[in-house]
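I would like to see how this sequence folds:
(2 chains)
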Amino acid sequence: MASRAEFSPQTLSVLAALCGQPSAWQHGYALARETGLKSGTLYPILIRLADRGLVEACWQEEPAPGRPRRHLYRLTADGLATATTALTEAALAGAEPATAKVRPGASPGRGRGVAAPAVP
Amino acid sequence: MSRLGRVAAAAGRGVLRLMPTARREWAEAVWAEAYEVPAGWPRLAWRAGGLGLVAKEEQMARRMGIAFLFAAVAGAAVWGAWPGSPVSHGAAVQGGIIITVLLLAGLPLLTRWAMGPPDSRPARWLRAGLYVAILAVMPAQAAIGMFIGTVPRGGIDRHTFDVFQGPGVPGSSSGGPDWGGEIGLLLLTACYVALILALTARRAPVAPATLAIGAGAGLVLGVVMYAIAPLGLNVKYPYRPWLDGSAAEAVGVLAWVLLFGAPLMAGAVAGRRCHVPDDPGKASAARAWQGSAAGLVSGGAGALLVTVFGSGSVALMLKSAWVQDWLYHGQHLTASAVYGRELFASQDAGGYIVLLVGLPIIGLIMGLIGTACASPAHRLPDSGGPGRPPGPGGPEPVPGPPDGGCQADVKELAGAGSG
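Residues are numbered from 1 along each chain as shown, chains lettered A, B, ... in the order given. I've put the predicted structure just below:
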């Protein structure tokens, strides 16, 4: 099982954002808004999480007219378990994901706190 | 979409195609997502982040670095070689410069597609050396061409010019565009670039050690050839300003020996290093490849080296007074004598083309002869010396070379051929 020390605050914020709706596919831009991370920071994190099998990705099947297909992300079962543990450990340690520092205006409860979401 | 946005989008799509397949999907994801980001700076920043992601790929960073370096050096070479004032042969020179740069930029892409990228340090260094040499010769040749084509306004210089170059209009460029000469040079350049790119590609049956051996022999040959022909090649009236009589003779003999001996030795050493166990037919073909490649590379590298140094020396001689002071140290030459020597050197610089054509051919032949003469470096540990029979298990397999270079390449070649 992964420990919190394995993840940077930025990665924890991405995990927290993905945990918000674990079963739903999320877009990169939505995650960026949620976490306050720039694309150059967010995507390397997603790549690393996908390489470790914690995040799965797929392409949108029906793109909006005139728009390219978007890439979608969600946690795998392993990813959800790892994220839950890491976020719980972070909460116990009193640390917060990077979101709380970099995006003061973020909506409460979404990628801001460290409470682990309920597993569906 | 703004013009800036369109340019950024087009540039990004071009860069995405260069990405390794494993990472291309992610870069495309960033790019596709940009359409959701508010237009203007936020979208530009999003795309910049995507480009940063691409640039962080080690392979991509190297490729982009090489592309930028090439653009900078080629730009400087073009700037130095471009005919500044209107000259009658300017169109041919400009055409030659443009096509040379296009060749240098385009042929690697073609070779990469057909034969793979270079995958060893000697291969990359050899390619870099070739490019530096061609880009260095461009401005030097332009300076020489400009000097040799400019008719002096009068006096003894004009007389000297008329005797050796034929009459021309004073103060102007002599002759018209030399399309034939430019096309010949372009063909020669294309041959060099294509040959070196092919020999250094991943799927070429040439070991990295062979390239290193050939290049090393070529450097020695080039330095000695430059010592005896620093200001152009003129067999009838050789000019070696820094060598006195006896030294010039000794170096001349050494140059003749190395002309044939360097590629011969390179071919022999490269052939001896090559081991292909259990298949004499394959082994002999592989050795022939290594020997001929080593000879070819040694001849080509030697010719390029002497051409770069020689053309550079002549161009510097025309441009800088200190070079002439250094070349004719202690001599008090009149202005017309200096002009005469500059004119001869400029004319003789054209002789380097003979070396550029001849040395690789000599190298190829001598490399093959060297390979044929040298027996492979078999080591039969079980034989125990002359007259002693092999042990119970028969001879042990021939061990590979220390770095496994040639053997690995031959195996890869066999695999590629069968695949």
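
Not counting sequence-adjacent ones, nearest residue to the residue nearest to the spatial centre of chain B?
Residue closest to the average C-alpha location in chain B (Cα atoms, centre = their mean): residue B:130, at 1.9 Å. What sits nearest to residue B:130 in space, not counting adjacent residues and going by Cβ to Cβ, 6 or more residues apart in numbering or on different chains, is residue B:196, at 4.8 Å. No exception for glycine: its C-beta is placed from N, CA and C like everyone else's.

tell me the contacts of the one you found?
Each residue near residue B:196 by Cβ atoms under 8 Å, 6 or more residues apart in numbering or on different chains is listed here: B:126-127, B:130, B:297, B:300.

could I get the host helix or strand of it in PDB with only the CA atoms?
Counting by DSSP states H and E, the element that carries residue B:196 is helix B:179-199. The C-alpha trace of helix B:179-199 is given here as PDB (Å, rounded to 0.1, in the frame of the first residue of the first chain):
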ATOM      1  CA  TRP B 179      26.000  26.400 -62.400                       C
ATOM      2  CA  GLY B 180      28.000  23.400 -63.400                       C
ATOM      3  CA  GLY B 181      30.500  23.900 -60.600                       C
ATOM      4  CA  GLU B 182      27.800  24.500 -58.000                       C
ATOM      5  CA  ILE B 183      25.800  21.400 -59.100                       C
ATOM      6  CA  GLY B 184      29.000  19.300 -58.900                       C
ATOM      7  CA  LEU B 185      29.700  20.600 -55.400                       C
ATOM      8  CA  LEU B 186      26.100  19.900 -54.400                       C
ATOM      9  CA  LEU B 187      26.300  16.300 -55.700                       C
ATOM     10  CA  LEU B 188      29.600  15.800 -53.800                       C
ATOM     11  CA  THR B 189      28.100  17.300 -50.600                       C
ATOM     12  CA  ALA B 190      24.900  15.100 -51.000                       C
ATOM     13  CA  CYS B 191      27.100  12.000 -51.500                       C
ATOM     14  CA  TYR B 192      29.100  12.700 -48.300                       C
ATOM     15  CA  VAL B 193      26.000  13.500 -46.200                       C
ATOM     16  CA  ALA B 194      24.000  10.500 -47.500                       C
ATOM     17  CA  LEU B 195      27.000   8.100 -47.100                       C
ATOM     18  CA  ILE B 196      27.900   9.200 -43.500                       C
ATOM     19  CA  LEU B 197      24.200   9.300 -42.400                       C
ATOM     20  CA  ALA B 198      23.700   5.800 -43.800                       C
ATOM     21  CA  LEU B 199      26.800   4.300 -42.300                       C
END
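
average model confidence for the helix or strand just after it?
Using DSSP H and E, the helix or strand that follows helix B:179-199 towards the C-terminus is helix B:208-228. On average, the pLDDT along helix B:208-228 is 94.

Need the per-residue pLDDT for residue 86.
Using chain A. Residue A:86 is given a pLDDT of 92.

oops, I was thinking of chain B
At residue B:86, the pLDDT value in this model is 54.

So for stretch B:295-309, mean pLDDT?
In this model, stretch B:295-309 has an average pLDDT of 96.

Helix, strand or coil: sort out the residue nearest to the centre of chain B for me.
Put simply, residue B:130 is helix when judged by DSSP: H, G, I helix; E, B strand; the rest coil.

still on that earlier bit, for the residue nearest to residue B:130, give me the pLDDT.
Predicted confidence (pLDDT) for residue B:196: 95.

before we move on, back to that, between the helix holding residue B:196 and helix B:208-228, how big is the angle?
Counting by axes from the mean of the first three to the mean of the last three Cα atoms, to 10 degrees, helix B:179-199 points 140 degrees away from the direction of helix B:208-228.

Secondary structure element for the nearest residue to residue A:11 once chain neighbours are set aside, which one?
Nearest residue to residue A:11, sequence neighbours excluded (Cβ to Cβ, 6+ apart): residue A:45, at 5.2 Å. Per DSSP H and E, residue A:45 falls inside helix A:39-51.

what pLDDT, on average, does the helix or strand following that helix get?
Going down the chain from helix A:39-51, the next helix or strand is strand A:55-59, by DSSP H and E. Mean per-residue pLDDT for strand A:55-59: 92.

partner strands of strand A:55-59, parallel or antiparallel?
Here strand A:55-59 is paired, per DSSP bridges, with strand A:71-75 (antiparallel).

what about the strand it pairs with, distance to the chain center?
Centre-to-centre, strand A:71-75 and its host chain are 9 Å apart (Cα atoms, centre = their mean, to the nearest Å).

and if you look at stretch B:335-342?
32 Å.

What are the buried residues along that stretch?
B:338-342 (16 or more other Cβ atoms under 10 Å in any protein chain shown).

And what about residue A:64, helix, strand or coil?
coil.

Now do the phi/psi pair for it.
phi -70, psi 150 (degrees, to the nearest 10).

how much space between it and chain B?
9 Å (Cβ to the nearest Cβ, to the nearest Å).

State the distance from that residue to residue B:35.
Residue A:64 is 9 Å from residue B:35, where distance means Cβ to Cβ, to the nearest Å.

before we move on, what about residue B:253?
73 Å.

between those two, who's got more neighbours?
Neighbour totals were compared for residue B:253 and residue B:35, and residue B:35 leads with 18 against 11 (other Cβ atoms under 10 Å in any protein chain shown).

who touches the residue in the stretch 201-350 of chain B that chain A sits nearest to in this structure?
Among the residues of the stretch 201-350 of chain B, residue B:202 lies closest to chain A, at 26.2 Å counting by Cβ to the nearest Cβ. Neighbouring residues of residue B:202 by Cβ under 8 Å, 6+ apart: B:115-119.

how about a cut-off of 6 Å?
The contact partners of residue B:202, by Cβ atoms under 6 Å, 6 or more residues apart in numbering or on different chains, come to B:116-117, B:119.

just residue B:215 next, same as before
With Cβ under 6 Å, 6+ apart, residue B:215 has these contacts: B:126, B:297, B:301.

Try it again at 7 Å.
B:122, B:126, B:297, B:301 (Cβ atoms under 7 Å, 6 or more residues apart in numbering or on different chains).

what does residue B:266 give?
Residue B:266 makes contacts with B:213-214, B:217, B:294-295, B:298, B:367, B:370, as judged by Cβ under 7 Å, 6+ apart.

For residue B:23, see how far away residue A:40 is.
Taking Cβ to Cβ as the criterion, residue A:40 is separated from residue B:23 by 14 Å.

Next: residue B:129.
Noted for residue B:129: a distance of 31 Å to residue B:23, by Cβ to Cβ.

Repeat that for residue A:54.
Per Cβ to Cβ, residue A:54 is found 18 Å from residue B:23.

Neighbour count for those two, which is higher?
The neighbour comparison of residue A:54 against residue B:23 (other Cβ under 10 Å) goes to residue A:54, with 24 against 17.

Tell me the helices and strands packed up against the helix or strand hosting residue B:146.
Remark: residue B:146 resides in helix B:121-149, with elements defined by DSSP H and E. On a contact count with 3 or more Cβ pairs under 7 Å, 6 or more residues apart in numbering or on different chains; DSSP states H and E, helix B:121-149 meets helix B:58-81, helix B:90-115, helix B:179-199, helix B:208-228, helix B:280-319, helix B:335-349.

Right, I'll call it a day here.
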